[in-house]
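Asker: turn this into a structure:
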Amino acid sequence: MNEFEKYLEVNRKAFIKLTEQQERELARLYIEAAGEIKERAELIIDKKGLSYAAAKIRIKSLLREASRLTDNFSKLLDKALLEAADLKVEADRLILESLQQELKSEGVKLNLTRILSKIPPEAVKYTFNKIWEDGLKLSDRVWLLDKVTKQEIERIVMQNILVGGSASDKTTIAALENLLNPNYKKAKLTSLHGKRVGYEASRLLRTETNVSAREAQRLASLRNPASKGFVWRASGDCCDICESINGEQFKADEIPHNPHPNCRCWLEEVVEDVDSFTDRYLEFMDNPKSQPDIDDWYRNVYKKAI
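Answerer: Numbers count the residues shown, from 1 in each chain. The predicted structure follows:
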């Protein structure tokens, strides 16, 4: 087993744990907001003598509050993209530290880890450019409470007011529960309600977090002179697209960035062992032309990072 494979495996497990944590945060965000919206809707319904016009004003205020979910989701997505990108750089950082220490023992002083410093912002920028490449803003692309859901909230509440119902009306409560289901405790957002609102948010979070992580991993490998590319590893529940390239090796500039939404497959980096790279680097110092790949890396990556 290559000495760096343990870094890569630990990193992969940490990434899975991170994505699970992010989805729990998204579930908590949605459940808390759904509970608050449901309570406020019931207060409007239970207000005696409330005119239709007055109820309309309060409903609009309620739906504006619901719209704040988009801003909260944006903040969560920003944080998730940075966390995922930074984590995927960590394995290459450890690899470069190992190379740096070995070269130091041979009298070669290189500050290798600093060449990774700008990768997370670059990966996040790439991801957001991808999200908006068709001109849609995030609020256009995914509403945790989308237009259909918001219209349904208004319909349920206003219908109850028009017939003189109360907040204790079982039909109204059941309708709000089916729409929002704020009492759901698990993190599986696909089951939060009958509509696709939470699912769309969950899918965007999972998909774009993976894109950011994969881009950070790709950029880190380009800065790692011992990196030889990647092997595509399909997840257990992958699609035919990913299964068809399972085990295939790619150069860093050839990897499939995002075959499809919800993709959970991963890249296994192929890294040259420390002793072999050290020997080649020492040869490069004596004769740069003997190791053209290291020469290219030294001139176009390392020197430009100084």
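Asker: contacts, neighbours, all on C-alpha from now
Answerer: Noted.
Asker: if you count neighbours, what's buried in stretch 229-248?
Answerer: Buried residues in stretch 229-248, counting neighbours by 16 or more other CA atoms under 10 Å, are found at 229-234, 238, 242-243, 246.
Asker: which two of these have the greatest separation?
Answerer: The most widely separated members of the buried residues of stretch 229-248 are Gly229 and Cys238, with 21.7 Å between them, by CA to CA.
Asker: distance of Val157 relative to Gly236?
Answerer: Separation of Val157 from Gly236 (CA to CA, to the nearest Å) stands at 44 Å.
Asker: just the pLDDT at His260, thanks.
Answerer: At His260 the predicted local distance difference test score is 69.
Asker: repeat for Trp132
Answerer: What the model reports for Trp132 is a pLDDT of 74.
Asker: list phi and psi for it.
Answerer: Backbone torsions for Trp132, taken as degrees, to the nearest 10, come to phi -100, psi 20.
Asker: same deal with Val231?
Answerer: Dihedral angles for Val231 - degrees, to the nearest 10 - are phi -110, psi 130.
Asker: pull the number of nearby residues for Trp132.
Answerer: 12 (other CA atoms under 10 Å).
Asker: got it, and Glu20?
Answerer: Burial of Glu20 is recorded as 14 neighbouring residues (other CA under 10 Å).
Asker: right, and the helix or strand after the helix or strand containing it?
Answerer: Remark: Glu20 resides in helix 5-46, with elements defined by DSSP states H and E. Sequence-wise, the next helix or strand downstream of helix 5-46 (DSSP H and E) is helix 52-105.
Asker: which other helices and strands contact that following helix?
Answerer: Other elements packing on helix 52-105 under the criterion 3 or more CA pairs under 8 Å, 6 or more residues apart in numbering; DSSP states H and E are helix 5-46, helix 119-131, helix 147-162, helix 197-223, helix 274-286.
Asker: for it, what is the distance to the chain centroid?
Answerer: In terms of CA atoms, centre = their mean, to the nearest Å, the centre of helix 52-105 is found 7 Å from the chain centre.
Asker: next, the angle helix 119-131 makes with that helix.
Answerer: Counting by axes from the mean of the first three to the mean of the last three CA atoms, to 10 degrees, helix 52-105 lies at 140 degrees to helix 119-131.
Asker: where does Glu269 sit: helix, strand or coil?
Answerer: Taken by DSSP: H, G, I helix; E, B strand; the rest coil, the conformation at Glu269 corresponds to strand.
Asker: and the residue lying closest to it once chain neighbours are set aside, how far from Lys304?
Answerer: Leaving out its chain neighbours, the residue that sits closest to Glu269 by CA to CA, 6 or more residues apart in numbering is Phe230, at 4.4 Å. Here Phe230 is placed at a distance of 25 Å from Lys304 (CA to CA).
Asker: go on, Ala252?
Answerer: For Ala252, the distance to Lys304 - CA to CA - is 19 Å.
Asker: between those two, who's got more neighbours?
Answerer: Neighbour tally, Ala252 and Lys304, criterion other CA under 10 Å: the higher count belongs to Ala252, 19 against 10.
Asker: from the buried residues of stretch 229-248, which is closest to Asp71?
Answerer: When the buried residues of stretch 229-248 are compared for distance to Asp71, the smallest value, 31.4 Å, is given by Cys238; criterion: CA to CA.
Asker: do you know the pLDDT at the closest one?
Answerer: Confidence at Cys238, expressed as pLDDT, is 67.
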